[in-house]
Each structure stands twice: as C-alpha cells, then as structure tokens.
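Undergrad: Curious how this folds, go ahead:
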Amino acid sequence: METQDKQSPFPGKYTALLFGVLVLTGLYLTSLYSYLLFHSLVDLFGVVIIFSVFVLAWNSRKMLDNDYLLFIGIGFLFIAILYLFHILAYKGMGVFQGYGANLPTQLWIAARYLTGLTFLLAPLFIRKRLNSPMTFAAYISVTALLLASIFYWKIFPDCFIEGTGLTTFKKTSEYVVNLIFLASLGFLLQKQEAFDKKTLRMLALSILISVVQGFCFTTYAHAYAFSNMIGHFLGVFSFYFIYSAIILTGLTRPYDLIFRNLNQSNEALIESEKEFRGMFELSAVGMAQVDPRTNRFIRVNNTFCDICGHSADELYNLTFSDITHPEDRQKDFEAFQRAVLLKTGGFRTEKR
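TA: Numbers count the residues shown, from 1 in each chain. Now for the predicted structure:
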C-alpha cells in the first residue's frame with residue numbers, strides 16, 4: 001500500500017522563524033537606507049493584513065456563528081483607510097503639501113482610537129447577531145467625521161508641533177487608547193470559551209504588543225526617531241499575531257475560528273450521546289427505542305431483553321406489537337399512533 005505525506009501549504013515553524021528574522025533584518029537595513037521607505041513598508045504590511053481580515057470575515061459572514069470576527073473585519077476595513085491616509089501623509093511623501101509631521105500623527109491617533117474601540121466593542125457580538133448595514137453606516141460616519149475634522153474643518157487637536165515635538169493631547173491619547181486596549185483584552189478573556197486557545201493567545205499578544213507600541217509612540221521628538229522605529233517594529237509583531245489569530249487560523253483550521261460554536265455544539269452532542277448510551281445500557285429499568293415508521297425495535301438494553309425473554313438480535317427483528325398480547329395489540333397500537341402524531345411524549349400501558 002502506498003502512502004503519501006500531506007504537505008501543508010504553509011511553512012513549517014523553523015522556516016517561518018527564519019523567514020521572519022530575514023524580514024526584520026531587511027526592514028532594519030531599509031530603515032538605515034531610507035526611513036521613509038521603512039515606514040511605508042511596515043505600515044503597508046499592516047494595511048494588507050487588516051484588509052485581509054475584512055475579506056476573510058466578509059466572505060465567510062454567512063457561515064459565521066460568532067459575529068466577533070465580522071465586527072472586527074468591518075472595523076478593520078475603515079482602520080485600513082485611515083492607515084493609508086497616514087502613510088500618504090507621512091513626512092517626505094509629498095502627497096499632502098503644507099501639513100508637516102502633524103498630519104500623519106493626527107491620522108495615526110484617529111486610527112488608534114478607532115482600532116481600540118473596535119476591539120472594545122467586538123466582544124459584544126460573540127453571542128449577539130450583528131446588523132452589518134448599520135455597522136457599515138456607523139463606521140462610514142465615524143471615519144468621514146474624523147477625516148473631515150482633520151482635512152476640512154481642521155478642528156482635530158494638534159498632535160505634533162515642529163520644533164517642540166509631541167503635544168500633550170497626543171501623549172494623553174496614547175495612554176487612553178492603551179487603557180481601551182487593556183479593557184478590550186479583559187472583556188475578551190471573559191468570553192474566552194468562545195475562542196480556540198491558540199486564537200485567543202494570538203489575539204491577546206497582538207493587543208498587548210499594541211499597548212507597548214503606544215508607550216513607544218509617546219517618547220519620540222521627531223518623525224524619524226529611534227523610539228518611533230521601535231514602535232513600528234512592534235507594529236509588525238502585532239500585525240503578525242493578528243494574521244496568525246484570524247487569517248492563518250481561518251484558512252488552515254476553520255473549525256477553530258469560523259465554525260467554533262458549531263464545533264463545540266457537535267462535541268457537546270457527542271458527549272451527551274455517550275452519557276445517554278451509558279445510562280440506557282446500564283439502567284436497571286427495561287428500556288427500548290422503537291422506530292415510529294416501522295414500529296421495529298432499534299435499541300434495547302439488557303434489562304429489557306431479560307424481561308421479554310428475547311436476545312437483542314431477536315428483538316431487532318420484531319415490532320413492539322409482536323411482544324404484545326393479541327387482545328392488547330389494537331389498543332396499544334392506537335395509543336402509540338396518538339403519541340407519535342400528537343407528540344404527547346408517550347403513553348402508559350401494562351403488558352401481560
């Protein structure tokens with residue numbers, strides 16, 4: 001007999017680790033050559049990941065039995081839009097003239113608030129159905145208001161002042177967002193039974209790294225500072241854990257993510273069947289199951305066999321009428337039919 005090893009389409013642990021080290025090394029060398037290029041690559045990596053989460057969640061929405069993922073996916077679509085504006089607005093890109101380093105910092109804070117609130121609200125939809133059109137409308141409205149407050153009304157608070165550095169609002173916002181992230185982690189852990197352990201661990205690591213990242217972004221004095229670079233490297237790790245928790249799990253182990261509740265229900269059903277079978281077979285009371293269409297026995301326990309004086313194999317070839325006294329057959333048959341048609345749950349009779 002020939003056997004074939006099933007090759008996984010995803011790299012092994014050590015291959016992935018080596019690839020990760022090479023990528024991080026490449027990004028560091030890129031930062032030495034051009035910090036602007038480094039920043040663009042890191043943030044584009046994040047945009048690709050979070051947009052992929054939206055694609056996965058949206059296309060599997062009809063199969064999801066846990067709308068946490070769908071809410072995260074919809075939120076990530078609009079977070080990705082803010083991140084794209086942040087990339088294009090970064091100092092040196094030359095897309096938005098006359099704004100300086102304040103604009104990308106404002107867009108970053110707007111995206112951070114939206115990300116934190118998305119993670120905070122998502123656990124509400126673990127057991128509650130999500131109204132997708134209303135959720136889209138809410139995110140469109142919030143994103144439009146944020147962009148309008150920055151570009152049109154220009155009322156969004158300053159986050160970076162040339163020659164001075166980060167404003168109090170920016171630093172305070174990072175701390176507030178960190179508290180939101182920690183609160184979202186607390187709510188997530190309260191609902192941990194709804195998640196596969198590995199998925200939960202990856203989500204928790206992503207959130208915690210985002211918190212550390214926020215602290216790094218409260219210390220830099222200019223857009224190309226070392227602490228800014230460390231914060232972006234932490235962003236790579238945070239996005240990677242999001243990828244591992246949602247995208248990789250959704251593609252390689254969909255029953256641990258997309259069909260998590262269904263899988264748990266099936267396991268509970270199997271366990272319940274085992275318990276019932278044990279009680280049925282070991283019961284001191286005679287018990288039997290009858291097919292309502294054929295009236296044949298489909299399951300009997302040993303006690304029932306002893307009472308009837310037949311083996312289980314013999315009973316499986318009989319109907320319940322075959323072990324009923326001839327004078328009682330019509331009465332029992334009519335009572336049985338009423339129980340089946342009216343779903344009364346059963347009937348009582350005495351055998352002789």
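Undergrad: and stretch 114-127, how far out from the chain's middle?
TA: Its chain's average C-alpha position is 11 Å from that of stretch 114-127, according to CA atoms, centre = their mean, to the nearest Å.
Undergrad: Could you do stretch 214-228 as well?
TA: 31 Å.
Undergrad: go on, stretch 132-148?
TA: 22 Å.
Undergrad: now swap in stretch 316-327 and tell me
TA: With CA atoms, centre = their mean, you get 54 Å for stretch 316-327.
Undergrad: can you pull the buried residues of it?
TA: 319-320, 323-324 (16 or more other CB atoms under 10 Å). For glycine as for every other residue, the C-beta is placed from the backbone atoms N, C-alpha and C.
Undergrad: ok, now stretch 139-150?
TA: 139, 142-143, 146-147, 150.
Undergrad: So what touches that stretch?
TA: Residues from elsewhere that reach stretch 139-150 (CB atoms under 8 Å, 6 or more residues apart in numbering): 74-75, 77-78, 81-82, 85, 103, 106-107, 110, 114, 155-156.
Undergrad: Please flag which of these sit within helices.
TA: 74-75, 77-78, 81-82, 85, 103, 106-107, 110, 114 (DSSP state H).
Undergrad: Adding pLDDT, write those out as CSV.
TA: Putting the ones in helices among the contacts of stretch 139-150 into CSV (pLDDT from 0 to 100) gives the following:
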residue, pLDDT
Ile74, 96
Gly75, 96
Leu77, 96
Phe78, 97
Ile81, 97
Leu82, 97
Phe85, 97
Leu103, 96
Gln106, 97
Leu107, 97
Ala110, 98
Leu114, 97
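Undergrad: Throw the residues you listed into a markdown table and include neighbour count and distance to Glu271, thanks.
TA: Output for the ones in helices among the contacts of stretch 139-150, formatted as a markdown table (neighbours: other CB atoms under 10 Å; distance: CB to CB, whole Å):
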| residue | neighbour count | distance to Glu271 |
| --- | --- | --- |
| Ile74 | 24 | 35 |
| Gly75 | 25 | 36 |
| Leu77 | 19 | 39 |
| Phe78 | 23 | 41 |
| Ile81 | 19 | 45 |
| Leu82 | 23 | 46 |
| Phe85 | 24 | 51 |
| Leu103 | 23 | 57 |
| Gln106 | 27 | 54 |
| Leu107 | 27 | 51 |
| Ala110 | 25 | 48 |
| Leu114 | 22 | 41 |
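Undergrad: Export these as a markdown table, with columns for distance to Phe169.
TA: Supplementary listing: the ones in helices among the contacts of stretch 139-150 in a markdown table, determined by distance: CB to CB, whole Å:
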| residue | distance to Phe169 |
| --- | --- |
| Ile74 | 28 |
| Gly75 | 23 |
| Leu77 | 27 |
| Phe78 | 22 |
| Ile81 | 22 |
| Leu82 | 17 |
| Phe85 | 19 |
| Leu103 | 14 |
| Gln106 | 10 |
| Leu107 | 14 |
| Ala110 | 12 |
| Leu114 | 16 |
